[in-house]
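S.K.: Show me how the following folds:
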Amino acid sequence: MTAVQEPEIRSDTLGRVSRRSGDDVRVAAIRTLDELEGLRDEWLPLIASSITTHPDYYRAVIETEPQVEAPYVLTARRDGRLEAMLLARFERIPLPCKLGYRTVYAPTVRSITVIYEGYLGEVDEHGPRLVSELRSAIDRGVADVLLFRHLNVDHPLHRVAGESAGLLTRQRLGRRTICWERTLPPTYDEFLGSLSKSTRTGLTRYIKKVDRDFDGRLETRAFRSADDLDDYFRDAELVAAKSYQRGLGAGVRDNPRQRRRATVAADHGWFRSYMVYLDGAPIAFCGGEGFKERFRYGIPAYDPEYSGYRIGNYVLMKLVQDLCDDPELTLLDFGFGDAEYKRRFGDRSWHEEDVLTYARRPRPIVINLVRTGLLGVNAAALALGKRTGVLSRIKNWWRSRLRATPES
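M.R.: Numbers count the residues shown, from 1 in each chain. Reported below is the predicted structural model:
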C-alpha cells in the first residue's frame, strides 16, 4: 500500500495556516473582539451546551478577567464555510505549585489558554491542524505556554494536545479531577426514587428535621432576573464570607467579573439561584446557569453553624425540584472537582485535567523542569496521605482553619 503524504502546512506571522496540496481548509487566527462579533451568526450554530462558548459569555470574561490580555480564536473553514473553532485567549498567569494548600513556586508566564470546552464544530477532523497552529504560535514567541483548561481525558484533543509537545516541553504529573453530572428526570419524585435507599432515607430525614426544628422561621427565595442581582450578591456575600471556599479565594463575590457574568446570564434567562433564610438572615444558597439542555452548577455556600442540618443539601433539593420541572433542562452538571454530595447525587462521571505544553525556549523549559520536580514531591505526599488515612483529616482541619481566618 502506498503511503499518502500529508499536505504541507504553511504558516505566516499573523497566525494563519493554509494547505497546499489540494486541501481547501484554511485556518485563521482572530485577535480582536470586533472581528469576533462579525462571526456571531456563524458561531452560534456551532455551540453545543457549554455556556462558556457563547459569544456574550466569552466576551464578558475577556473584558473583566484581570489576567486576560486579548482574545485568540482559531477558525477552520472549508470552501469559506466555518466548520470548527477553538476559543482561546492571551493571558498573563502564574503557574502555581502547591504542597497541600500552600503555594511554594509560581512563575508568571504568558499563555495561550483554550477555555473550558472551547472546541466547537468538527474538531475531530480539524483538531490536529488547529493544535499545530497553536504550538507554532508559542514557538514563534507570542506566548510561553499553551494551556487547555480542564480537558476531558477521553476527548480527541487531549491526545493531540499532549502529542504536540516533546519530552522537555510537556508538563508531566498533571492532576486529574473527577467531574459528575446527573440526568434530570421529569419529576422530583422520580429523582428521589432513583437514589440509593440510604441516600434517599438520609436526605428525607434531614429535610424533615430542618422543617420541624425551624417551623415557620424558614424562607426560600429564587433569584432569576437581572433585577434580583443586587439582593442576590448582597445576601450571598453574607454566607460566602463564612465558607472555607472564601479562604481558598473561591466562591461567590460581588466583583466586576462575577457581576458581569451573572448579568449576561440573567439577561439571557440562564441564571437561577436559591437562597434559604432563617428569621430573615441568609444561611445557605446554591445555583448556576441553565444553557440549552444543561444546568451548570456553581459554587454553593452555607453557614457552618448549620452544618449539622445538612442545610446545603436542603437548598440543593429546592434547586433540583425547579430543574426537574423545567422541560428544557435534562442534565445537571456539578462542575469541577469531587465532593461527597456529587458522588451521591450524580449518575455519570469522567476525568479532566489541564494539558500544559511549553514553548521550545530556555525559560519555559526550565520552568517545566522545576515544576515537574515539585509536582512529583506533592504527588508522593498525597499518595502517602491517602494510604495512611491522614489526607482527609488534614483537609478537614485546613478547611476549618480557613473558615475561622478573617479576611485581611
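S.K.: Can you list the helices and strands that the helix ranked longest in the chain packs against?
M.R.: Assignment by DSSP state H gives helix 362-388 as the longest helix of the chain. With contacts defined as 3 or more CB pairs under 8 Å, 6 or more residues apart in numbering; DSSP states H and E, helix 362-388 has these neighbours: strand 97-99, strand 102-105, strand 348-358, helix 390-404. C-beta here means a position set from N, CA and C on the backbone, and glycine is covered the same way.
S.K.: what about 10 Å?
M.R.: For helix 362-388, the packing partners by 3 or more CB pairs under 10 Å, 6 or more residues apart in numbering; DSSP states H and E come out as strand 97-99, strand 102-105, strand 108-121, strand 145-152, strand 348-358, helix 390-404.
S.K.: Can you list the buried residues in it?
M.R.: Neighbour counts over helix 362-388 (16 or more other CB atoms under 10 Å) mark Pro364, Ile367, Asn368, Arg371, Leu374, Leu375, Asn378, Gly385 as buried.
S.K.: Go through the residues you listed and say which is closest to Ala143.
M.R.: Nearest to Ala143 out of the buried residues of helix 362-388 is Pro364 (CB to CB; 9.2 Å).
S.K.: Relative to Arg170, which of the helices and strands packed on helix 362-388 is closest?
M.R.: With CB to CB as the criterion, Arg170 lies closest to strand 348-358 of these, at 5.5 Å.
S.K.: Run the angle between the closest one and strand 145-152 for me.
M.R.: Orientation of strand 348-358 against strand 145-152 (axes from the mean of the first three to the mean of the last three CA atoms, to 10 degrees) gives an angle of 170 degrees.
S.K.: Might you calculate how far strand 348-358 sits from the centre of the chain?
M.R.: 11 Å (CA atoms, centre = their mean, to the nearest Å).
S.K.: how big is the angle separating it from helix 362-388?
M.R.: For strand 348-358 against helix 362-388, the angle by the same axes, to 10 degrees is 150 degrees.
S.K.: what's the closest of the helices and strands packed on helix 362-388 to Tyr277?
M.R.: Each of the helices and strands packed on helix 362-388 has some distance to Tyr277 by CB to CB; the shortest is helix 390-404, at 20.7 Å.
S.K.: same question for the closest one, mean pLDDT?
M.R.: The pLDDT scores in helix 390-404 average 56.
S.K.: swap in stretch 156-170?
M.R.: 91.
S.K.: Any idea how far apart the tips of it sit?
M.R.: 17 Å (CA to CA, to the nearest Å).
S.K.: Tell me the buried residues in that stretch?
M.R.: For stretch 156-170, burial by neighbour count (16+ other CB under 10 Å) applies to Leu157, His158, Arg159, Val160, Ala161, Gly162, Ser164, Ala165, Thr169, Arg170.
S.K.: And for stretch 244-263?
M.R.: Quick answer for stretch 244-263 (16+ other CB under 10 Å): Tyr244, Gln245, Arg246, Gly247, Gly251, Val252, Arg253, Gln258, Arg259, Arg260, Arg261, Ala262.
S.K.: Stretch 217-234 too?
M.R.: Leu218, Arg221, Phe223, Arg224, Asp228, Leu229, Tyr232, Phe233.
S.K.: Max pairwise distance over the residues you listed: which two?
M.R.: Longest distance between any two of the buried residues of stretch 217-234 is 23.0 Å, between Leu218 and Leu229; criterion CB to CB.
S.K.: Could you check how many residues crowd around the residue nearest to Arg348 when sequence neighbours are not counted?
M.R.: Spatial nearest neighbour of Arg348, chain neighbours left out: Glu181 (5.3 Å); criterion: CB to CB, 6 or more residues apart in numbering. Neighbour count for Glu181, taken as other CB atoms under 10 Å: 21.
S.K.: Let me know the secondary structure of Glu181.
M.R.: strand (DSSP: H, G, I helix; E, B strand; the rest coil).
S.K.: which ones are touching Ala106?
M.R.: Taking CB atoms under 10 Å, 6 or more residues apart in numbering, we find Ala106 in contact with Ile93, Pro94, Leu95, Pro96, Cys97, Lys98, Arg371.
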